[in-house]
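Enquirer: coordinates only, no sequence provided:
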Ligand code: DOR
Ligand code: ZN
């Protein structure tokens, strides 16, 4: 194993220092370190962060390997500065058995670019009718701790209650896609002034807020852990704020796109901006940013949702919802929050690692800690060119935008997965 001496690096925004990486761990942190056997990386001007952790990634394998594979998605993640991702269960077949979650977990190990932690489905086939084999998935080699029907809401309150009760035994989490299905039938975009003008069926904010309100009450009643996926409205923030003030065991995520883009993007009728939940208003964005800064929303999660060209480059009404996220998330965070490195480390690495129970991730570089980290050049700006992305899909909403920040290197347990901004394998 090669040793690496990273010199003159700002660890999470601190004064420049050296890091020695050897045998998979951070061997030393200090001034003027030397190691004859180490490859030196001059990191002057770069910031080291604990490797980013994504709680919400769609890798599409098994079933839609034309859109993404575990390997291509892992490469996109590494290039985005991630060292661990949680793979959503809405694959084909659905990840609702020990067999499928073990397959995804094994493919992640084989790719070896990030740690791939499978999320298990809550209900069989995501159909919302019967609980999946949560215990068998938890006991499998994949060690599933997060369960989600993401893409679908667990709408039946009785099933949701039973799921929360079931995972309590092993401190598992139910990650809810909060969307009251009767309120969003036929919905194409956020319900508001723009949808009225365009004549598209709206997805009202209350469809999200009503489910979050119900679920925090259920989680409180059961005493179990709830995680709310892709929070998108100001009203949801208020529900979460109250629940947290009461001590409910709830965590929440927001996506980069919900922090930056508004429903006005739909005026282009470009389906790259179609996503579920939909892009909301400037007032929602302001509330989400504030909530993330305060900690009412705990983390940024990408909801990286690759889609093949034929599923995306078609009429708005027929296009699948979802956008790429892994390769641009840190740049969006920098764009929105500026160089608030501690906030970025907290919301994109430490807290998601804690929620997912990923030991060895989300830890700031310190002697003895697994060397899962990323080096960012905050001064760089880059033009987003979809054809140059590592994802097998091209549905980035940031095409031809110039974004701040560039991932220079990523290390997974001391081995580089990205060097000089390029994937190592
Ligand atoms: O936009 C979305 N795309 N939202 C989801 O909940 C699912 C995801 C997907 O799987 O494409
Ligand atoms: Zn979702």
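Expert: The structure has been received and is ready for your questions. Note that this is a predicted model, so its numbers are computed, not measured. Numbering: from 1, shown residues only. Ligands and ions are numbered 1, 2, ... in the order given.

Enquirer: before we move on, what's the pLDDT of the nearest residue to residue 164 once chain neighbours are set aside?
Expert: Closest residue to residue 164 in three dimensions, ignoring its sequence neighbours and counting by Cβ to Cβ, 6 or more residues apart in numbering: residue 224, at 4.0 Å. Placement of C-beta: from N, CA and C, glycine included. Per-residue pLDDT puts residue 224 at 98.

Enquirer: isn't residue 224 up against residue 170?
Expert: No: counting by Cβ atoms under 8 Å, residue 170 is not a contact partner of residue 224; they are 10.8 Å apart.

Enquirer: the stretch 151-300 of the chain: strands as residue ranges?
Expert: Along the stretch 151-300 of the chain, the segments classed as strands by DSSP state E, counting those that start in this stretch run 173-176, 189-190, 202-203, 225-228, 250-254, 299-300.

Enquirer: what's the local residue count around residue 76?
Expert: 30 (other Cβ atoms under 10 Å).

Enquirer: distance of the residue in the stretch 51-200 of the chain that ligand 1 sits nearest to from residue 260?
Expert: The minimum distance from the stretch 51-200 of the chain to ligand 1, using Cβ to the nearest ligand atom, falls at residue 151 (3.8 Å). Distance, residue 151 to residue 260, using Cβ to Cβ, to the nearest Å: 22 Å.

Enquirer: same check on residue 81?
Expert: Taken as Cβ to Cβ, the span from residue 81 to residue 260 is 18 Å.

Enquirer: and these two? Which one has more around it.
Expert: Taking other Cβ under 10 Å, residue 81 and residue 260 do not tie; residue 81 has more neighbours (30 against 20).

Enquirer: is the nearest residue to that one once chain neighbours are set aside in a bridge, and if so with what?
Expert: Leaving aside its chain neighbours, residue 81 sits nearest to residue 374 (3.7 Å; criterion: Cβ to Cβ, 6+ apart). According to DSSP bridges, the partner residues bridging residue 374 are residue 49, residue 410.

Enquirer: state the pLDDT value of residue 374.
Expert: pLDDT, residue 374: 98.

Enquirer: residue 305 now?
Expert: You'll see residue 305 listed with a pLDDT of 99.

Enquirer: would you list the phi and psi of the closest residue to it other than its chain neighbours?
Expert: If the residues on either side of it in the chain are set aside, residue 305 comes closest to residue 322, at 2.6 Å by Cβ to Cβ, 6+ apart. Main-chain dihedrals, residue 322, degrees, to the nearest 10: phi 140, psi 150.

Enquirer: residues in contact with residue 322?
Expert: Shown in contact with residue 322 (Cβ atoms under 8 Å, 6 or more residues apart in numbering): 58, 274-276, 303, 305-307, 395.

Enquirer: can you pick the most crowded of these?
Expert: Most neighbours among these, by other Cβ under 10 Å: residue 306, with 31 neighbours.

Enquirer: separation between that residue and residue 312?
Expert: Counting by Cβ to Cβ, the gap from residue 306 to residue 312 is 9 Å.

Enquirer: how about TSV for the strands of the stretch 151-300 of the chain, with mean neighbour count and distance to residue 239 added?
Expert: Output for the strands of the stretch 151-300 of the chain, formatted as TSV (neighbours: other Cβ atoms under 10 Å; distance: least, Cβ to Cβ, whole Å):
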stretch	mean neighbour count	distance to residue 239
strand 173-176	28	12
strand 189-190	25	18
strand 202-203	24	17
strand 225-228	25	9
strand 250-254	25	9
strand 299-300	28	17
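
Enquirer: residue 65 should be in a helix, yeah?
Expert: No: applying DSSP: H, G, I helix; E, B strand; the rest coil, one finds residue 65 to be coil, outside a helix.

Enquirer: if we can go back for a sec, ok, which of the contacts of residue 322 also contact ligand 2?
Expert: Taking Cβ under 5 Å from the ion as the test, ligand 2 is in contact with none of the contacts of residue 322.

Enquirer: which of these sits closest to residue 2?
Expert: Closest approach between the contacts of residue 322 and residue 2, by Cβ to Cβ: residue 306, at 32.0 Å.

Enquirer: gap between the residue of the stretch 201-350 of the chain found nearest ligand 1 and residue 13?
Expert: Nearest to ligand 1, among the residues of the stretch 201-350 of the chain, is residue 322, at 3.1 Å (Cβ to the nearest ligand atom). Remark: distance between residue 322 and residue 13 (Cβ to Cβ) = 32 Å.

Enquirer: equivalent analysis for residue 279, please.
Expert: 30 Å.

Enquirer: neighbour-wise, which of the two wins?
Expert: Set residue 279 next to residue 13 and count neighbours by other Cβ under 10 Å: residue 279 wins out with 25 against 16.

Enquirer: quick one, what contacts residue 81?
Expert: Applying Cβ under 8 Å, 6+ apart, we find residue 81 in contact with 49, 51-52, 330, 374, 376, 407, 410, 418.

Enquirer: make JSON lines from the residues you listed and add neighbour count and distance to residue 359 to it.
Expert: Listed next are the contacts of residue 81 as JSON lines, based on neighbours: other Cβ atoms under 10 Å; distance: Cβ to Cβ, whole Å:
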{"residue": "49", "neighbour count": "26", "distance to residue 359": "18"}
{"residue": "51", "neighbour count": "31", "distance to residue 359": "13"}
{"residue": "52", "neighbour count": "35", "distance to residue 359": "16"}
{"residue": "330", "neighbour count": "26", "distance to residue 359": "23"}
{"residue": "374", "neighbour count": "28", "distance to residue 359": "18"}
{"residue": "376", "neighbour count": "29", "distance to residue 359": "24"}
{"residue": "407", "neighbour count": "23", "distance to residue 359": "24"}
{"residue": "410", "neighbour count": "30", "distance to residue 359": "19"}
{"residue": "418", "neighbour count": "25", "distance to residue 359": "23"}
